[in-house]
Every structure is written in C-alpha cells, then in structure tokens.
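Return a 3D structure for these sequence lines:
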Amino acid sequence: MKNGVYQIRNTTNEKIYIGSSAGRDGLPRRWIDHRKELRGSYHKNQYLQNAWNKYGEDTFIFEILLICDPEDCLMYEQIALDHYRPEYNISPTAGNTLGCKMSDKTKALMSKQRKGVLKTPETRKRMALAQQRSDAIERRKKNLRPRFGKENPMFGRTLSADHRERLSLANRGSNSHKAILTEDQVCEIKKLLRQGVPGATIGRQFGVHRDTIYSIKSGKSWRHV
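Down below sits the predicted model:
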C-alpha cells in the first residue's frame with residue numbers, strides 16, 4: 001500500500017491542509033478517515049472542520065504530493081509544511097499521528113534539510129500562535145472540570161427571571177459561541193423550507209448537517225428569527 005504526503009485542498013479558495021500517511025493501510029485510508037471525522041463534525045483540526053462546514057464536502061479534494069517509504073513520511077511532511085505553509089494546519093511542525101517513530105536516518109535528513117534555514121517573522125508568528133492555541137486548549141480542559149456542591153460558584157444562588165432573560169438574549173442566535181449560521185442565513189433557510197426544499201439539500205447548500213436544518217424547521221433552534 002502506498003505511503004507518503006498528501007494535501008486536502010479547498011477548490012474555492014485554494015487553501016490546503018497537509019498531512020502524511022505511514023500506516024499499513026496507506027494514503028487511501030487517510031482520506032476515508034478524514035471524511036468520516038469531518039462528516040461527523042468531530043475532526044481534531046477545527047480550522048479544517050470549520051471550512052468543511054462552511055463550503056461543503058464537494059469543495060474539498062484529496063491530492064497525493066509524493067510517495068515515499070513510511071520512515072521518511074514525517075521528514076517530507078515537514079518539508080511540505082515549510083514550503084507551502086498550509087492555512088488549515090494548526091501546527092507548523094509535522095506530527096507523529098500514526099505511531100510511526102522517526103528513524104535515525106530520517107532525523108539526520110530532517111536536520112540537514114532545516115539546518116541554517118532562518119525562520120521568517122511570519123513563520124515565527126504562526127508557531128507562536130500554534131503554541132498559544134495549544135496552551136489555551138489545555139487551560140480550557142482544566143477549567144471544564146465539573147465542580148459540584150460548594151465548589152460550584154453558583155451554589156446556593158438563584159437567578160432572577162430578569163437575569164435569566166438577559167443571559168438568554170446574550171447567547172441567542174449568532175451571539176452563541178456554538179453558532180455556525182447567521183440570522184440572514186436562517187431567514188433564507190426558513191424561506192427554502194416553506195418552498196418545500198428538502199432539508200438535506202439545504203444543509204449541503206449552507207455547509208451544515210441536515211439535523212441543524214430540522215432543528216430550525218421544528219423550532220428547537222432559532223425560534224426568534
């Protein structure tokens with residue numbers, strides 16, 4: 001089975017994601033795995049997931065950049081990352097996501113390839129942002145630990161009806177951190193639903209899952225629009 005470096009390209013804006021496959025199932029399996037995660041909206045790369053949701057599956061294509069031995073995949077992936085500077089990769093450093101350890105040969109080749117290469121201000125900025133994002137995710141994981149009883153800052157407190165209403169308004173519609181659509185888009189979706197357009201068709205048009213369309217149709221979400 002072929003191993004090597006690949007890119008997932010957005011044909012609308014030409015932005016790309018770069019990765020490599022060193023597993024026994026090869027490159028075809030990587031595309032299957034990516035699509036499965038993206039379709040289920042649980043892909044580990046949020047940049048790529050957001051773009052997939054926005055532009056739709058048909059916009060993205062899988063392209064093989066080169067074929068190589070499994071032990072050389074990370075080396076060539078790093079070279080591709082340095083050269084293309086893909087917009088959808090969170091980190092500028094090639095990761096070992098398939099459990100394939102770099103050989104001494106690969107480490108030596110990577111060191112030789114990158115020795116003496118000065119990082120541009122843009123590259124340094126991207127690396128710093130990637131590190132900041134990683135640190136923020138770790139802090140968020142710690143803060144999300146559920147606190148019960150007296151450890152919960154809301155323990156013993158009761159919100160007034162006015163306070164609850166203001167919280168509801170503040171997190172309504174596009175103000176919600178989970179919102180993918182805007183009020184104008186929801187208005188257009190409701191218009192299409194009234195015209196009898198299938199929810200699955202509307203979902204593909206707006207880059208969202210059909211369950212989101214059905215929630216709008218049933219009034220479970222965006223009732224205020």
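
what's the helix or strand residue 189 falls within packed up against?
Element membership of residue 189, judged by DSSP states H and E, is helix 183-194. Taking 3 or more CB pairs under 8 Å, 6 or more residues apart in numbering; DSSP states H and E as contact, the helices and strands that helix 183-194 lies on are helix 199-206, helix 210-218. Quick note: C-beta positions are derived from backbone N, CA and C, even for glycine.

And the shortest one, what's buried?
Judged by neighbour count using 16 or more other CB atoms under 10 Å, the buried positions of helix 199-206 are 199, 202-204, 206.

could you dump those residues to CSV with pLDDT and distance to residue 22?
Shown next, in CSV, are the buried residues of helix 199-206 (pLDDT from 0 to 100; distance: CB to CB, whole Å):
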residue, pLDDT, distance to residue 22
199, 85, 40
202, 86, 40
203, 82, 35
204, 82, 33
206, 79, 36
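
my read is residue 50 is in a helix, agree?
Yes - Residue 50 forms part of a helix when assessed by DSSP: H, G, I helix; E, B strand; the rest coil.

How is this structure divided into domains?
Domain assignment for the chain by automatic domain parsing gives 4-116, 150-218.

for this protein, which spans come out with low pLDDT?
Across the chain, residues meeting the criterion (pLDDT under 70) sit at 1, 95-157, 159, 163-180.

where does residue 18 land in three-state SS?
Applying three-state DSSP: residue 18 is strand.

My read is that it contacts residue 91, right?
No - Residue 18 is not in contact with residue 91 according to CB atoms under 8 Å; the separation is 11.0 Å.

More neighbours: which of these two?
Set residue 18 next to residue 91 and count neighbours by other CB atoms under 10 Å: residue 18 wins out with 21 against 15.

In contact with that one, which residues?
Contacts for residue 18 (CB atoms under 8 Å, 6 or more residues apart in numbering) come out as 5-7, 65, 77, 80-81, 84, 86, 89.
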